[in-house]
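Predicted coordinates and the sequence they were generated for:
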Amino acid sequence: MKTEFRKNEGDVVRSLLDGMFYRVLNISEESVTAKPVEEEGIDGKRVFIETPADTIDVNRNVFDELFFVVEKAPATVPGDGTFSISNGMFLKNGNRIETGTLVPVEIMALIPGAVLLTVRSRTEGKLDLFHYDVETDEFHKLTNAKDRIEFVYGYGSVTGFVVTTNEKVEIPADGDNMEEAELVVQSIRFYSDSSWLFATDGSVGAEYYPLVGGRVSFNNADDWQGRTAHVVQFASSDACREVWTIEGRHLWVRDPDNDGERSTVTKIELAYEEGHPYPEISCDRVSFSGTIEKILACKDEDHNSVFVTAEGIVHSNYGHGKRLAIGRDVLEAVEQYPVPISLNFNGSRDTTFIFGNENYGACRVRVIKTRDRGFVTTVEEIS
């Protein structure tokens, strides 16, 4: 009995008439063009090698009956313009795809063998995120009832989205009064094809902070033993605060009076290893006063950053506690020497930042925490 797979260009098929193998070269509405191939075993693997034999052309309907798929071609990313949405209809090459009660809104990403798109939610005014499998013509829901869905990361079949839900809630104010506040629920979510991989609102526990903000940097680094790390950072200077409702619910709500007072940076690292189907994903956060004016990437194994604010600099030092240097002379130093080189410690109260520039110049910023006069900062060129 033949295997029931939809046939695509690049597939290897076998004839039910003579048992020969063919690679599909082209499929049109009328016919299929295929090239004879031979089966061989190389390094314990089954491979198909092209032969000098001529191609064949077979009626499309006949081909579907007389040939069955033995090896699927790797899924490819749909070409730009292949899929589109118009007047609530999901189209492939201008032809409508049946969506039933789903009302497509926007195509968010194209990945091998699939389309990720937003769909009008059953909750009025909200959006759902769906994965459409091109091969099987099936829709899979990824997340639902969001106010905003933003595509922020794509690599192979792995995608990342910032999803946001906003609603109004009543919280206690002065005395017995109540006031309306905006509930904040925001998360970064990652998927592989239609499978969930990671979410900041479900994986960070006590470190959860609901404001993610927007993507501010991306770094691709080669680590040891062929491991590749993608580092994506998100930053928000919007403010929120923890509250309790009269029903006893613990919530985070927007606090616009304090916007810009502090920044929170969320670093997501996706580490890919050869032979592993999914990346290992980790999350770190750092929060500090002021807003970010510039980000300087560090070339270290922890993929840190130096954030420049109006007051000075903040070294993320992820996992070990941020380090700061404040002052106009510090800002002038990193303007002239914008490449972070190292962060060094002499005990818990003495921190030294080293910066360089493309002319092989370098400077040292040293911060000492004293017992009687707070932080003492010195800046000097290294000569």
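Everything's here; your move. Residues are numbered from 1 along each chain as shown.

contacts, neighbours, all on C-alpha from now
Will do.

What ranges in the protein fall below the confidence cut-off?
1-5, 202-208, 224-225 (pLDDT under 70).

What are the boundaries of the helices in it?
Applying DSSP state H to the chain gives helices spanning 60-66, 200-203, 328-336.

Quick one: those helices as a markdown table, columns for mean neighbour count and distance to Gly260 too.
Output for the helices of the chain, formatted as a markdown table (neighbours: other Cα atoms under 10 Å; distance: least, Cα to Cα, whole Å):
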| stretch | mean neighbour count | distance to Gly260 |
| --- | --- | --- |
| helix 60-66 | 14 | 63 |
| helix 200-203 | 16 | 23 |
| helix 328-336 | 17 | 19 |
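
Ok, which of these comes nearest Ser157?
For the helices of the chain, the distance to Ser157 is smallest for helix 200-203, at 19.6 Å, taking Cα to Cα.

correct me, but Asp238 touches Asp257?
No - using Cα atoms under 8 Å, Asp238 is not in contact with Asp257; the gap is 9.4 Å.

And these two? Which one has more around it.
Each of Asp238 and Asp257 has its neighbours counted (other Cα atoms under 10 Å); Asp238 has more, 20 against 10.

Ramachandran angles for that one?
Main-chain torsions, Asp238, degrees, to the nearest 10: phi -70, psi 150.

still on that earlier bit, can you tell me which of the helices of the chain is nearest to Tyr272?
Across the helices of the chain, Tyr272 has its closest neighbour in helix 200-203 (19.0 Å, Cα to Cα).

Break the protein into its domains for me.
12-71, 75-146, 151-292, 296-383 (automatic domain parsing).

Mind putting those domains into CSV with distance to Arg6?
What follows is the domains of the chain, written out as CSV (distance: least, Cα to Cα, whole Å):
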stretch, distance to Arg6
domain 12-71, 8
domain 75-146, 7
domain 151-292, 19
domain 296-383, 44
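
Just the buried residues of stretch 143-156, please?
Neighbour counts over stretch 143-156 (16 or more other Cα atoms under 10 Å) mark Thr143, Asn144, Ala145, Lys146, Asp147, Arg148, Ile149, Phe151, Val152, Tyr153, Gly154 as buried.

among these, which are in strands?
Among the buried residues of stretch 143-156, the members falling in strands (DSSP state E) are Thr143, Asn144, Ala145, Lys146, Arg148, Ile149, Phe151, Val152, Tyr153, Gly154.

now those as CSV including distance to Trp252?
Putting these into CSV (distance: Cα to Cα, whole Å) gives the following:
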residue, distance to Trp252
Thr143, 21
Asn144, 20
Ala145, 19
Lys146, 17
Arg148, 18
Ile149, 20
Phe151, 24
Val152, 24
Tyr153, 26
Gly154, 29
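
Show me the contact partners of stretch 13-25.
Residues outside stretch 13-25 that contact it (Cα atoms under 8 Å, 6 or more residues apart in numbering) are 8-12, 32-39, 66-71.

Now do it: distance to the chain's middle.
On the basis of Cα atoms, centre = their mean, to the nearest Å, stretch 13-25 sits 41 Å off its chain's mean C-alpha point.

Now do the end-to-end distance for it.
Taking Cα to Cα, to the nearest Å, stretch 13-25 runs 11 Å from one end to the other.
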